[in-house]
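Provided below are the primary sequence and the corresponding predicted coordinates.
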Amino acid sequence: GESVGLHLPTLSVQEGDNSIINCAYSNSASDYFIWYKQESGKGPQFIIDIRSNMDKRQGQRVTVLLNKTVKHLSLQIAATQPGDSAVYFCAESLNDMRFGAGTRLTVKP
Amino acid sequence: NAGVMQNPRHLVRRRGQEARLRCSPMKGHSHVYWYRQLPEEGLKFMVYLQKENIIDESGMPKERFSAEFPKEGPSILRIQQVVRGDSAAYFCASSPQALTEAFFGQGTRLTVV
């Protein structure tokens, strides 16, 4: 569900490595899931989405995995680049759209 | 096709004044979501609207806060009698229908002094 009042967990990776960002969602009835990237001072930017009838979806350098059994989403970023440094949020949608706790990704050169 | 437009980008209000935040959705989008964000925190859902209807306002405080999305014009988030605790970034997002990709605006940063 929503995470309010919690400071962001962080993930630090080396440039060129793969990154895995995890997210737990709360509503087993949620039908649609989205990953967003937010850079400092900007609005969230869509990365990739997945519907509940799928367990994996691939985009350019990104893959989203959905495990409905344990209500878990993950975002995998291949060959992480400095430009990937940002805060990443997952969102679940049934009737509205609710965000999980974000993760700050820092890419070390 | 212009993206989601929010204005103003920055808004300063004295305690007790009213704040009006505007969100113009992308063309053809009839669904609007409003969120509040404090520094280093997540996006807290406030309200979900479709044209002329409030679908879910469960995240919005019952007092002082209201939202609308009229048939014509932008969606408005109104905060009456602002207090210092209302200082935050407020983001809106729009989508053409439910359960599809939502696009965000750049936010309005409200500072109450």
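Right, received. Where do you want to start?

Every contact and neighbour count from this point should use C-alpha atoms.
OK.

so what's the most centrally placed residue in chain B closest to, chain neighbours aside?
The centre of chain B sits closest to B:Trp34, judged by C-alpha atoms, centre = their mean, with a distance of 3.9 Å. Nearest residue to B:Trp34, sequence neighbours excluded (C-alpha to C-alpha, 6 or more residues apart in numbering or on different chains): B:Cys92, at 4.4 Å.

next one: A:Met97
Spatial nearest neighbour of A:Met97, excluding adjacent residues (C-alpha to C-alpha, 6+ apart): A:Ala91 at 6.3 Å.

Please read off the pLDDT at the residue of chain A found nearest chain B from the model.
Taking C-alpha to the nearest C-alpha, chain B has its nearest neighbour within chain A at A:Gly43, 4.4 Å off. Model confidence at A:Gly43, given as pLDDT, is 96.

in the helix or strand hosting the residue nearest to the centre of chain B, what counts as buried?
Taking DSSP states H and E as the criterion, the element that holds B:Trp34 is strand B:31-37. Buried residues in strand B:31-37, counting neighbours by 16 or more other C-alpha atoms under 10 Å in any protein chain shown, are found at B:31-37.

Tell me which residues touch the spatially closest residue to A:Val62 that is not a sequence neighbour, please.
Using C-alpha to C-alpha, 6+ apart and skipping the chain neighbours, the partner closest in space to A:Val62 is A:Ile77 (4.6 Å). Neighbour list for A:Ile77: A:18-20, A:61-63 [criterion: C-alpha atoms under 8 Å, 6 or more residues apart in numbering or on different chains].

who wins for most neighbours among these?
A:Ser19 (22 neighbours; other C-alpha atoms under 10 Å in any protein chain shown).

Could you list every helix and strand in contact with the strand holding B:Trp34?
Here strand B:31-37 touches strand B:43-50, strand B:88-95, going by 3 or more C-alpha pairs under 8 Å, 6 or more residues apart in numbering or on different chains; DSSP states H and E.

where does the chain have low pLDDT?
Let's take chain A. Counting by pLDDT under 70, the ranges of chain A that qualify are A:1-7.

ah, I was thinking of chain B
Scanning chain B for pLDDT under 70 picks out the ranges B:1.

Tell me which residue of it lies closest to chain A.
For chain B, C-alpha to the nearest C-alpha, closest residue to chain A: B:Gln106, 4.4 Å.

who's in contact with the residue nearest to that residue when sequence neighbours are not counted?
Ranked by C-alpha to C-alpha, 6+ apart and with sequence neighbours excluded, the top spatial neighbour of B:Gln106 is A:Gly43, at 4.4 Å. For A:Gly43, the contacting residues are B:91, B:104-107, by C-alpha under 8 Å, 6+ apart.

Burial check on the nearest residue in space to B:Phe104 that is not next to it in sequence, number of neighbours?
Distance criterion C-alpha to C-alpha, 6+ apart; nearest residue to B:Phe104, sequence neighbours excluded, is B:Ala93 at 4.1 Å. Neighbour count for B:Ala93, taken as other C-alpha under 10 Å: 29.

from what I can see B:Ala93 touches B:Phe103, true?
Yes: checked against C-alpha atoms under 8 Å, the pair B:Ala93 and B:Phe103 is within contact range at 5.1 Å.
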